[in-house]
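**Q** everything below, folded, please.
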Amino acid sequence: MLNHFTTTTSHIELPKQFLSPFTGEPHPICVLAANEVKTYLEQQAQWHEEIQQGKMFGVLVVKESNGQLGYLAAFSGNLAGKNHHSFFVPPVADLLNPNSFFKQGEQVISSINRQIAQMEQSTEFTNRKSELEQAKQKSIEEIAAAKAALKTSKAAREERRTMHPSEEELAALVRQSQHEKAELKRLEKRWTATINELQVEYDHYALPIEELKAKRKMLSADLQQRLFDEFQLLNIRGEAKGLVEIFENTAQRVPPGGAGECAGPKLLQYAFANSLTPIAMAEFWWGSSPKTEIRHHGHYYPPCKGKCEPILGHMLHGMDVKYPGRKAESPYPPSLEVIYEDDWLLVINKPAGMLSAPGKTGDKSAVELASELLLNGREAFLVHRLDMATSGLLLIAKDKEVYKQLQSQFQQRRVRKRYIAILDGVLHNETGTVELPLRLNPLDRPRQMVCHQYGKPSTTQYQVLERRNGQTRVAFYPLTGRTHQLRVHSAHPHGLSCPIVGDELYGSKSNRLYLHAEYLEFIHPVKQSVIRLEKLAGF
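**A** A predicted model of the protein is given here:
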């Protein structure tokens, strides 16, 4: 469980505070521990095939009561069908123990599933179900045909009445109408009786199945509640909270599946339960990237926000945690570089690190600065957005009507854009197109994910400009404007599989994100002339 470093740590200065794991930047002592875990993983031939498919691992550097330094290691979920391995910390709740309530509950539910399947596949049930469905369909068809005939007959009688028939003929027409209506009612009554009889025969087999399904639903809900209660997560003060209590004040209200089984909670739980003092923590991905999210082999990632952030919020309570603070000085200049301006609109060169629109950082955004510095306090209308980390051309309207007309051009995809990026890797194709359906990852905001079920289509064309020192300079031509589109298209294995340099969400952190909006072409909403603007990237 507790591992001691095989290499010296004397050259590494330990952090004075526990570093927030959500910074994504591992402390050197964590890198040293992670490297030892990576070496261990490479030596485990029996797991090679499984872990190459991709798994998150974590390390927690700790101090024992005697001051000796060591580290804990953990994996997310299960490994080789087990959740206990001597090198790694145990799970918070042992759900794989065959004698546990969870496994026994699973067996009961599995037995009910087998009973339901057997009953639904029986000849008696399938025959009764088929007979009932056929009768219902035939009744609909026959009654519809009878009503259509009744309508046709009524129309014929109405036409006959216009021909001045005798009283005897009129009486015959009335009798015909009454007879046809009575026949329709008798037909409906016969079918009602037939269907009711077949329904009784069907219910004889169906109701026991529905009772079993209701029982299964109740047992599943009870098992889920017991499962949530089983995860009693500690903090450094020894205070325990269950998953339901931890998540009750979050947006999702209910714990998501797999909550408490990630590496981070496992590491802290073992440390607190064994009187070990946490020093620093880091998590890294090992193996192939998953199909939906973007993870790169050996790269470090912060814990997911949907599952782990609420849990770690409780587990870190009471500790002296260092969270990333705001910079003392604004990362961008007090002035804006104007690329184009007239009476109706302006285009600025937004620096990397500046928000396009007001956000949660407290720093002023590009549109706010444009209003203050360029429009004498008049309202500025942001036509489109660039990510905070992206630099380049940003279009701003000076009144609402111009804003609406410009936005319409973006929505109709009549605006031409070119971005320049440096990718961390070498592309072999000179040109190409990336098409992936994208959506927000609900458990790891603000990251986007590939989702073929709910994702929105996104398309990017690209052209290689230069290859140098293991990197590729490319021009991107986005045909859609999804959030983080170019970043995901670059990093995802079904895209270019080369993250943009400096992309701390989908790749590795650097001094900046090497993505720049270089070219913008649109129709001037008032002059109706073509506006072509370019600002070369500063990298």
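**Q** immediately after the longest helix anywhere in the chain, which helix or strand?
**A** For the chain, the helix that runs over the most residues, judged by DSSP state H, is helix 167-230. For helix 167-230, the succeeding helix or strand toward the C-terminus, using DSSP states H and E, is strand 232-234.
**Q** helices and strands around the helix or strand following that following strand, which ones?
**A** Moving toward the C-terminus from strand 232-234, the first helix or strand encountered (DSSP H and E) is strand 240-242. Using 3 or more Cβ pairs under 8 Å, 6 or more residues apart in numbering; DSSP states H and E as the contact test, the elements touching strand 240-242 are strand 232-234. For every residue, glycine as well, the C-beta is placed using N, CA and C.
**Q** measure residue 530 to residue 521 for me?
**A** Taking Cβ to Cβ, to the nearest Å as the measure, residue 530 falls 7 Å from residue 521.
**Q** neighbour count: these two, which is higher?
**A** Taking other Cβ atoms under 10 Å, residue 530 and residue 521 do not tie; residue 521 has more neighbours (14 against 10).
**Q** quick check, pLDDT for the closest residue to the more buried one other than its chain neighbours.
**A** For residue 521, the nearest residue in space outside its immediate sequence neighbours is residue 416; the separation is 4.0 Å by Cβ to Cβ, 6 or more residues apart in numbering. In the prediction, the pLDDT value recorded for residue 416 is 95.
**Q** and for residue 416, the neighbour number?
**A** Residue 416 has 14 neighbours, counted by other Cβ under 10 Å.
**Q** what segments of this structure are helices?
**A** Along the chain, the segments classed as helices by DSSP H run 28-42, 48-51, 101-120, 123-161, 167-230, 243-247, 263-273, 308-315, 366-369, 400-411, 485-491.
**Q** how about a markdown table for these, with distance to residue 422 and mean neighbour count added?
**A** Supplementary listing: those in a markdown table, determined by distance: least, Cβ to Cβ, whole Å; neighbours: other Cβ atoms under 10 Å:
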| stretch | distance to residue 422 | mean neighbour count |
| --- | --- | --- |
| helix 28-42 | 25 | 18 |
| helix 48-51 | 31 | 14 |
| helix 101-120 | 49 | 14 |
| helix 123-161 | 62 | 13 |
| helix 167-230 | 46 | 13 |
| helix 243-247 | 40 | 19 |
| helix 263-273 | 32 | 25 |
| helix 308-315 | 31 | 21 |
| helix 366-369 | 23 | 21 |
| helix 400-411 | 26 | 16 |
| helix 485-491 | 10 | 26 |
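**Q** out of these, flag the one nearest residue 89.
**A** Comparing the helices of the chain by their distance to residue 89 (Cβ to Cβ), the top pick is helix 263-273, with 4.0 Å.
**Q** how far does the closest one sit from the chain's center?
**A** The chain centroid and the centroid of helix 263-273 are separated by 26 Å under Cα atoms, centre = their mean, to the nearest Å.
**Q** again with stretch 287-305
**A** Relative to where its chain is centred, stretch 287-305 has its mean C-alpha point 13 Å off (Cα atoms, centre = their mean).
**Q** and it, what's buried?
**A** Neighbour-count burial for stretch 287-305, with 16 or more other Cβ atoms under 10 Å as criterion, is recorded at 287, 289-290, 293-296, 299-305.
**Q** might you report the residue contacts of the residue nearest to residue 521?
**A** 477, 519, 520, 521, 522 (Cβ atoms under 8 Å, 6 or more residues apart in numbering).
**Q** the last one is in contact with residue 406, isn't it?
**A** Yes. In this structure, residue 522 is within contact of residue 406 by Cβ atoms under 8 Å, at 6.8 Å.
**Q** spit out the residues that contact those two alike.
**A** Residues touching both residue 522 and residue 406 (Cβ under 8 Å, 6+ apart) are residue 395.
**Q** any chance of the buried residues of stretch 287-305 in JSON lines, plus pLDDT and distance to residue 224?
**A** Converted to JSON lines, these look like this (pLDDT from 0 to 100; distance: Cβ to Cβ, whole Å):
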{"residue": "287", "pLDDT": "93", "distance to residue 224": "30"}
{"residue": "289", "pLDDT": "85", "distance to residue 224": "30"}
{"residue": "290", "pLDDT": "86", "distance to residue 224": "25"}
{"residue": "293", "pLDDT": "87", "distance to residue 224": "25"}
{"residue": "294", "pLDDT": "88", "distance to residue 224": "30"}
{"residue": "295", "pLDDT": "90", "distance to residue 224": "28"}
{"residue": "296", "pLDDT": "88", "distance to residue 224": "34"}
{"residue": "299", "pLDDT": "91", "distance to residue 224": "33"}
{"residue": "300", "pLDDT": "92", "distance to residue 224": "33"}
{"residue": "301", "pLDDT": "91", "distance to residue 224": "28"}
{"residue": "302", "pLDDT": "90", "distance to residue 224": "28"}
{"residue": "303", "pLDDT": "90", "distance to residue 224": "23"}
{"residue": "304", "pLDDT": "86", "distance to residue 224": "20"}
{"residue": "305", "pLDDT": "84", "distance to residue 224": "22"}
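**Q** tell me the pLDDT of residue 60.
**A** If you check residue 60, the pLDDT there is 98.
**Q** distance of it relative to residue 35?
**A** 15 Å.
**Q** run through the residues that contact residue 429.
**A** residue 464.
**Q** count of neighbours near residue 445?
**A** If you count neighbours by other Cβ under 10 Å, residue 445 ends up with 13.
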